[in-house]
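Asks: Build me a structure from this.
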Amino acid sequence: MTNKKEIIAGIIIIGNEVLSGRTKDVNTSSIAIWLNSLGIKVNEVRTIPDDEKIIIDTVNELRKKFNYVFTTGGIGPTHDDITAESISKAFNLVYGFQKEAFSILEKYYKPGEFTEGRQKMAKMPTTANLILNPSSGAPGFYVENVFCLPGVPSILKSMLGGLNNILVGGDPVISKTLNLRTVESEIAKSLSEIQDQNQEVEIGSYPFFRAGKLGVSIVIRSTNQSKIDQCNDQILNFIKVKDIEILKEI
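Replies: Okay, here's the model as predicted:
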């Protein structure tokens, strides 16, 4: 079976509250795990402020570099939610009410509750395609290869599945993890040699301290299960030689 072409993505986290540390970014992890399952690799993540020029410049830079770009944040009802208008300007498109989005929101709210602020959530590039929102009504949208999602993690997560049929992925990325009672310096040379012999496999080592145990997680990632198995065997060999303990549960 021949490998599909590598499909790569970038993520732009938009929001002053993330940069200030008031809000913790968990959206990168949700998007990356989901994209990996579709065979799409995340190659870059940027966190930027609610600043029109920076949003426009970043979107225009990344949409040329990657097959797909995902933005999170800044599409709500308040004055500092400027992502939708900035995306319109990045693509030189008309910013205004997207008819389908307006209709969805109008039906979602009770009579009299569809206020001017809430109506703003239907404003975006008027020709944009919608990303339906099963959690709170307000849709996200996409233009060409740029997909704009809300910043609220639970809402964002609920919207990802609706894009499965729109994105064209490569081979899904498979991963295997070995947790060892050791330190990185003890295994660095051996891991480096194995990485050199297995160019199609990505090997990462991550120190941890959990439940009073100091150790290193080795994560092997590839689109090919047999290459992961081969790499895993080579790692197990040097672990045995060095008499390093494998931690079953941590």
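Asks: in the protein, what spans have low per-residue confidence?
Replies: 1-4, 249-250 (pLDDT under 70).
Asks: quick one: the helices in it?
Replies: 16-19, 27-37, 52-65, 83-90, 99-108, 116-119, 153-160, 184-197, 225-242 (DSSP state H).
Asks: Kindly compare burial across those and name the winner.
Replies: Compared across the helices of the chain, helix 83-90 shows the largest average neighbour count, a mean of 22 (mean count of other CB atoms under 10 Å). Heads up, the C-betas are built off the backbone N, CA and C, glycines and all.
Asks: who does it touch, helix- and strand-wise?
Replies: For helix 83-90, the elements it packs on are helix 52-65, strand 95-97, strand 123-125, strand 146-149, judged by 3 or more CB pairs under 8 Å, 6 or more residues apart in numbering; DSSP states H and E.
Asks: Now render the helices of the chain as TSV, adding distance to T126.
Replies: TSV is the format used below for the helices of the chain (distance: least, CB to CB, whole Å):
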stretch	distance to T126
helix 16-19	27
helix 27-37	26
helix 52-65	18
helix 83-90	8
helix 99-108	8
helix 116-119	14
helix 153-160	21
helix 184-197	49
helix 225-242	46
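Asks: And those helices: which comes nearest L178?
Replies: Closest of these to L178 is helix 225-242, at 6.4 Å (criterion: CB to CB).
Asks: and the angle for the closest one with helix 184-197?
Replies: Computed by axes from the mean of the first three to the mean of the last three CA atoms, to 10 degrees, the angle separating helix 225-242 from helix 184-197 equals 140 degrees.
Asks: could I get helix 225-242 in CSV with only the CA atoms?
Replies: Presented in CSV, the C-alpha positions along helix 225-242 are these (Å, rounded to 0.1, in the frame of the first residue of the first chain):
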residue,chain,number,x,y,z
GLN,A,225,2.4,-0.1,12.3
SER,A,226,5.2,-2.4,11.2
LYS,A,227,7.7,0.4,11.4
ILE,A,228,6.5,1.3,14.9
ASP,A,229,6.9,-2.4,15.9
GLN,A,230,10.4,-2.6,14.5
CYS,A,231,11.4,0.6,16.3
ASN,A,232,9.8,-0.6,19.5
ASP,A,233,11.8,-3.9,19.3
GLN,A,234,15.1,-2.0,18.9
ILE,A,235,14.3,0.2,21.9
LEU,A,236,13.3,-2.8,24.1
ASN,A,237,16.7,-4.4,23.2
PHE,A,238,18.8,-1.5,24.5
ILE,A,239,16.5,-1.2,27.6
LYS,A,240,17.2,-4.9,28.3
VAL,A,241,21.0,-4.4,27.9
LYS,A,242,21.0,-1.3,30.2
